[in-house]
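In: Provided below for reference: sequence and predicted model.
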Amino acid sequence: EPQVVSITFQPIYAEHRTVIHHRFELGISAGQGTSTGQGSNPLCTLYKSDDGGSTFLAKPMREMGKIGQYRRRVQWWGLGSSRERVYRVTFSDPVPMFVLDAQIEADGARV
C-alpha cells in the first residue's frame, strides 16, 4: 500500500504584521530515486495555510532528484503574504527520504 508522508511546520508570524514569503526551501537527502517505475522521479508537494492550519492550498509539485542527483534543491518561490502561515510538505514515492532542514526567506511588513 502506498503511504503518504506529511510534515507540518510550526506557524510563521511577526506580531500580527503581514509577512511576505519569498522562498521556501526543503533540505532533503536528494538523489534517492529508484531506477524505474514509481519513485524514478520522486516528487513532493508544498501546501500553505493562512488560517493557522485549518485549510491548505497546494503549490506546484517539485522534483526531489532522480537517482544520483544528490545536489538537487527543492524550492518554491513567490509564496505571497500572510499574518500567520503554516507550511506542510507531502510525498509518497517509495524512496528513502530524510528531511535535513527547511528554510524560509521572508520579510516582515507593516500593515
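Out: Yes, it's here. Residues are numbered from 1 along each chain as shown.
In: CA atoms for contacts and neighbours, from now on please.
Out: Fine.
In: which residues touch the closest residue to residue 71 other than its chain neighbours?
Out: For residue 71, ignoring the flanking residues on the chain, the nearest one in space by C-alpha to C-alpha, 6 or more residues apart in numbering is residue 30 at 6.5 Å. Applying C-alpha atoms under 8 Å, 6 or more residues apart in numbering, we find residue 30 in contact with 64, 65, 66, 69, 70, 71, 72, 73, 97.
In: any idea which element residue 30 lies in?
Out: Assigned by DSSP states H and E, residue 30 belongs to no helix or strand.
In: if I look at it, how far off is residue 15?
Out: Using C-alpha to C-alpha, to the nearest Å, one obtains 35 Å as the distance from residue 30 to residue 15.
In: pLDDT wise, what is the residue nearest to residue 71 at?
Out: Turning to residue 30, the model gives it a pLDDT of 82.
In: residue 95 now?
Out: 84.
In: next, count neighbours for it.
Out: Using other C-alpha atoms under 10 Å, residue 95 is surrounded by 17 other residues.
In: and residue 86, how close does it get to residue 35?
Out: Distance, residue 86 to residue 35, using C-alpha to C-alpha: 34 Å.
In: who has more neighbours out of these two?
Out: Using other C-alpha under 10 Å, the more surrounded residue of residue 86 and residue 35 is residue 86, with 21 against 12.
In: where's the more buried one relative to residue 70, distance?
Out: Residue 86 is 28 Å from residue 70, by C-alpha to C-alpha.
In: shouldn't residue 43 be in contact with residue 63?
Out: Yes - contact criterion C-alpha atoms under 8 Å: residue 43 and residue 63 qualify, at 4.5 Å.
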